[in-house]
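Trainee: Provided below for reference: sequence and predicted model.
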2 protein chains.
Amino acid sequence: MTTALPAAAALHEQAARLDADDPLAGLRARFLLPPDIVYLDGNSLGPLPAAVPAALKDVVRRQWATGLIGSWNAAGWWEAPQRVGDTIGTLIGAAPGQTIAGDSTSVQLFTALDAAAALRPDRPLLVTDPGHFPTDRYLADAVARRRDLKVRHVPPADLPAFLATEGEQVAVVSCSPVDFRTGELHDMRALTRAAHDAGALALWDLCHAAGALPLEVDALGVDLAVGCGYKFLSGGPGAPAFLYVARRHHTALETPLPGWTGHADPFALTPAYEPAPGIARARIGTPPILSLLALEAALTAFDGVDLAQVRAKSLSLTGFFLRCADALLAPLGFASVTPADPGRRGSQVALRHPHARGLVAALAEHGVIADMRAPDLLRFGVNALYTSHGDLLTAALRLRELTRNASYAPAPPSAGPVT
Amino acid sequence: MTTALPAAAALHEQAARLDADDPLAGLRARFLLPPDIVYLDGNSLGPLPAAVPAALKDVVRRQWATGLIGSWNAAGWWEAPQRVGDTIGTLIGAAPGQTIAGDSTSVQLFTALDAAAALRPDRPLLVTDPGHFPTDRYLADAVARRRDLKVRHVPPADLPAFLATEGEQVAVVSCSPVDFRTGELHDMRALTRAAHDAGALALWDLCHAAGALPLEVDALGVDLAVGCGYKFLSGGPGAPAFLYVARRHHTALETPLPGWTGHADPFALTPAYEPAPGIARARIGTPPILSLLALEAALTAFDGVDLAQVRAKSLSLTGFFLRCADALLAPLGFASVTPADPGRRGSQVALRHPHARGLVAALAEHGVIADMRAPDLLRFGVNALYTSHGDLLTAALRLRELTRNASYAPAPPSAGPVT
């Protein structure tokens, strides 16, 4: 049995000690995790924060049912995109007034890419990561087609050299600090500086970073950023995404989607669009208030939380899981594609195995929820707010058992926004 | 006292009789309306349908908390945009597979306008109503700028003549069947035909029509339509909007926002965008599931409801309110701007009065919620699913009292998506 393995016994001891010493252990109570489930897919969909049900009930039963239309003012619905944006701003290092929340990541990305291109006219290249999440690539292509630009795919590792030679052609560099497949962490500071040295703008997709590690968009001079609300922010399925635009760009910012809520005087209902001052001009239509206020309630799980501690625990968790994988899974053909160097690791571990699909399905049947990325990656996301080292050992041991016993089968393709 | 007015006494009698004979009276129980409030602003934000709280609780406590990521499949989240779209389709006369719900009206409009223009290349004009809701105008301008088209503003009454002379230049005609200020109803059949006779596409904004009157987008040959979820559909604040594209255009449909959920094989995560077959290609990013499933629950208020009966009652309600206004309010300086001809009337009545702003605020303080449109329109929306004739008489009598007693003051500008 696995518990008889000497390696497992040592790992049990390590997990128990690390969890006992965890200064963030108490935060797990801020989430309503199902018992007997090890949830390692919070990088796709965060679990339900304990604050959400009561907040949502208040939104529905009091604000909507009783306050009716008056709640746009009285309950602060109208300002919610900026208010929630500012709260997210505290997690990404953005001073107030530069971040809004409301539409999907794809829509915000379209706005960001198009607006960035408009801020650097006469530069014909839009640079993105060939490993970028598909929607980032599709929308870069769409914006390029529309604006008669060219898209160049450059891996982050090659960006400095590319920018040093062709940088003068580049309008905007769009990439993510964390590779959604491998969990590799790129150097935001160096890449932002390289973009700026070339006179280009830096646009970051923070979907796999916001809430998982400290970010400093203001301090690094990031120009624009987007990120989703439903991964490490645990805002619920399809929670609205956020858009950050550095204040220095606000006056010149032209949104491709000039909806009425971004108008300088939305209730004057004037015939011509006049953009609101500040980040409000990036608002589009009426935001989905129930989803947006659920996200706002979810963000209270970060109240008083030090993101440096989150990062330290996240690295402890992924480092421990890599040790588990090395001791328990490598002999069975699993290979990590996540950097062992903590400085190059986001908040997930991805293991390669030819039966990834069947194994992830079998794991779910045995109470461990991870996900997979075709063709052969098993992805294990950790969230320092609720994941324990014990969770990860459980996952590794169950995966070992299922693999040794060949207790898995070809499974249908996974579905859902498991990005 | 008002009750001593002979006119009021007769109107009381009429209201009581009409409400007693109302075959839809029982539907009011499908909404959780606050007691002692007369709510005539459902054309801005519908009230809470009784089915929503339990449905939303299930989404949050069972589907999200317990089902976690698996609910994208198990709870049908992934198909929700098409499923909710098809349900809305039954209210607008669209056969299944042509309607989706998910983003805001403004975003859907951008998609519709841009895709329509692309379907009629070499035609340089985009025609819209000068009285159209601002976001329709702003986005028409944005699409025209982007595609190097020109926008022409033509009132619906002048459209047939305009199209007869300049129609060959027109790519798309975008207007609304119901004027959001005056409540005037335009002839969708005739205007759609006029657009088609000119070889142009007809794009309808159904925000003020869907759920309020029978619509026949398929039968009329409408090309594209959008509409919002939070007015007559009562889907909640910022409920997702819908987009209809007639099946004959699906193959050629190019969305300006090619997000990953509209991909033919979204989970293959391929580098290049390949549009899904059918209306699914108009999907963009991950939809706001809490708001979307609240809308889905709200739509059950229409279960088994005959929209012809809804229309008949709506006309009875607005006709009765016009009689109330004539008898009780005209002597105090109120003038209706809503057509008296039932065939030209949507589901609202708008009265002009120089103190509209102060009066609407005073009405709200006295339990009657209407809204206003600058500078001088009081707007009273009726929804046959829950409005009674008695409600409207109460509103008229209170308005009369407040006006006679000059019990109103300048009020701050109203705010909120009261469109």
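Mentor: That came in fine, so what should we check first? Every value quoted in this text rests on a predicted model; they were computed, and no experiment measured them.
Trainee: so residue A:289 sits right up against residue A:77, yeah?
Mentor: Yes - Residue A:289 is within contact range of residue A:77, at 5.3 Å (criterion: C-beta atoms under 8 Å). For the C-beta atoms, the positions are set from N, CA and C on the backbone; glycine is no exception.
Trainee: shared neighbours of those two, which are they?
Mentor: B:237-238 (C-beta atoms under 8 Å, 6 or more residues apart in numbering or on different chains).
Trainee: How much space separates residue A:68 from residue A:318?
Mentor: 48 Å (C-beta to C-beta, to the nearest Å).
Trainee: Counting neighbours around each, name which of the two comes out higher.
Mentor: Between residue A:68 and residue A:318, residue A:318 has the larger neighbour count (other C-beta atoms under 10 Å in any protein chain shown), namely 27 against 24.
Trainee: Neighbours of the closest residue in space to that one that isn't next to it in sequence, how many?
Mentor: Leaving aside its sequence neighbours, residue A:318 sits nearest to residue A:349 (C-beta to C-beta, 6 or more residues apart in numbering or on different chains; 5.2 Å). Residue A:349 has 29 neighbouring residues, counting by other C-beta under 10 Å.
Trainee: and residue A:349, that one's in a strand?
Mentor: Yes - assessed by DSSP: H, G, I helix; E, B strand; the rest coil, residue A:349 belongs to a strand.
Trainee: was I right about it contacting residue A:335?
Mentor: No - in this structure, residue A:349 is not within contact of residue A:335 by C-beta under 8 Å, at 11.5 Å.
Trainee: Can you check the pLDDT for residue A:134?
Mentor: Listed pLDDT for residue A:134 reads 89.
Trainee: right, I mislabeled it, should have said residue A:411
Mentor: At residue A:411, the model reports a pLDDT of 49.
Trainee: And for residue A:418?
Mentor: pLDDT for residue A:418: 45.
Trainee: Please name the spatially closest residue to residue A:76 (chain neighbours excluded).
Mentor: Nearest one to residue A:76, counting by C-beta to C-beta, 6+ apart, is residue A:83 at 6.7 Å.
Trainee: Just to be sure, that neighbour is in a helix?
Mentor: Yes - assessed by three-state DSSP, residue A:83 belongs to a helix.
Trainee: how close does it get to chain B?
Mentor: With the distance defined as C-beta to the nearest C-beta, to the nearest Å, residue A:83 ends up 14 Å from chain B.
Trainee: who's in contact with residue A:174?
Mentor: A:112-113, A:116, A:126-129, A:132, A:136, A:140, A:203-205.
Trainee: filter those residues by proximity to chain B?
Mentor: Filtering the contacts of residue A:174 for proximity to chain B by C-beta under 8 Å from any C-beta of the partner chain leaves nothing.
Trainee: List the residues that contact the residue minimising distance to the centre of chain A.
Mentor: Computing the C-alpha centroid of chain A and ranking residues by C-alpha atoms, centre = their mean puts residue A:207 first, at 2.3 Å. Taking C-beta under 8 Å, 6+ apart as the criterion, residue A:207 is in contact with A:105, A:133, A:176, A:180, A:226-228, A:231, A:241, A:419.
Trainee: Looking at these, which are in helices?
Mentor: residue A:105 (DSSP state H).
Trainee: As CSV, the contacts of residue A:207 with distance to residue A:247 and neighbour count would be great.
Mentor: Output for the contacts of residue A:207, formatted as CSV (distance: C-beta to C-beta, whole Å; neighbours: other C-beta atoms under 10 Å in any protein chain shown):
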residue, distance to residue A:247, neighbour count
A:105, 22, 34
A:133, 27, 22
A:176, 23, 26
A:180, 29, 26
A:226, 17, 30
A:227, 18, 29
A:228, 23, 28
A:231, 26, 29
A:241, 20, 31
A:419, 29, 24
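Trainee: Which secondary structure state does the closest residue to chain B within the stretch 51-200 of chain A sit in?
Mentor: As assessed by C-beta to the nearest C-beta, chain B sits closest to residue A:72 within the stretch 51-200 of chain A, at 2.5 Å. Using three-state DSSP, the structure places residue A:72 in helix.
Trainee: try the one 5 residues further on
Mentor: Taken by three-state DSSP, the conformation at residue A:77 corresponds to coil.
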